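>>> sharing a model prediction with you, sequence too.
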Amino acid sequence: MSGDYLLPRIATSEDPLRLAVLISGGGSGLKALLRHQSNGRRNHVTSLVISDVESAGGLKHASDSSVEHLSIPLPGGMKGIERRLEHERRIMEALASHDIEMVVLSGYMRILTPSFVSNWKGRLVNIHPSLLPKFPGAHAQRDAIDSGAKETGCTVHFVDEGVDTGAIIQQKEVPILPGDTVETLTERIKREEHELYPKVLDDISSGRVSV
Ligand code: GAR
């Protein structure tokens, strides 16, 4: 794998890795992570939740757990790359002011620019609802059903400059059952995601992952 990933420090439960979780929607993955972190001594803690969508339901999970949370929407009055870069500048300012050490994308539905990625590469992870490199993009479950495949799954990977192309850390298979809809398959995949992502974060923060 590529050598330009800079991994986070190996943390301890006394001095846990400070995570920011970026969301855009309901945040069931965030909720599972917060539950995992409160259920035992972990080497990571969620110190900040950021949503690009002001109405994202997931922000409530942060407030229910007394975790600092912000919504940082795309700025008005700008277009194209200028707008994306200004949005990410605001996010990076929040990450710096909260001493964040690692960024966890959990249902964050925006593509980050190479400029953001290069600042965080190795300390920026994503979960995707397919067995990458199969079915990248925003319609992974629908594409899996349409393909006639009998199996799909979920993937935790480091983010690189491409879309769903970074180094794969761990995957879990999920069956596609006859009669599955996007909704039923999405829910079955999420159940596995909610187990997989917290465990991968345990591994990363304890130094058990290499690239
Ligand atoms: C999850 O299934 C995650 O894999 C997917 O969005 C869902 C978020 O659910 N992410 C992507 O599709 C990224 N391309 P949640 O908001 O309930 O955690």
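Looks like it came in fine. Numbering: from 1, shown residues only.

>>> what residues sit buried inside the lengthiest helix in the chain?
When the chain is parsed with DSSP state H, its longest helix is helix 182-205. Across helix 182-205, burial judged by 16 or more other CB atoms under 10 Å covers 185, 188-190, 192-194, 196-198, 200-202, 204-205. Backbone N, C-alpha and C define where each C-beta goes, glycine included.

>>> neighbours around the residue of the chain at minimum distance from the ligand, how many?
Here the chain gets closest to the ligand at one residue, G107, 2.6 Å apart by CB to the nearest ligand atom. The criterion is other CB atoms under 10 Å. On that basis, G107 has 22 neighbouring residues.

>>> for the helix or strand hosting V45, what is the average pLDDT?
Assigned by DSSP states H and E, V45 belongs to strand 44-51. Computed over strand 44-51, the mean pLDDT rounds to 98.

>>> how about the residues of this structure by the ligand?
23, 25-29, 58, 106-107, 127-129, 138, 189-190, 193 (CB under 6 Å from any ligand atom).

>>> sort out for me which of those residues are in strands.
Members of the residues of the chain next to the ligand lying in strands (criterion: DSSP state E): I23, I127, H128.

>>> Serialize these to a markdown table and add fields for neighbour count and pLDDT.
Formatted as a markdown table, those follow (neighbours: other CB atoms under 10 Å; pLDDT from 0 to 100):
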| residue | neighbour count | pLDDT |
| --- | --- | --- |
| I23 | 28 | 98 |
| I127 | 23 | 98 |
| H128 | 23 | 98 |
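
>>> sort out which one of the buried residues of helix 182-205 lies nearest A94 for me.
The closest of the buried residues of helix 182-205 to A94 turns out to be L201 (CB to CB; 20.0 Å).

>>> wait, the closest one sits on P16?
No. Distance between L201 and P16: 10.3 Å, which falls outside the contact criterion (CB atoms under 8 Å).

>>> ok so, going back, surely the residue of the chain closest to the ligand and K31 touch.
No. G107 lies out of contact with K31 (CB under 8 Å); the separation is 10.8 Å.

>>> overlap in contacts of those two?
G58 (CB atoms under 8 Å, 6 or more residues apart in numbering).

>>> and the angle for the strand holding V45 with helix 182-205?
Interaxial angle, strand 44-51 versus helix 182-205 (axes from the mean of the first three to the mean of the last three CA atoms, to 10 degrees): 130 degrees.
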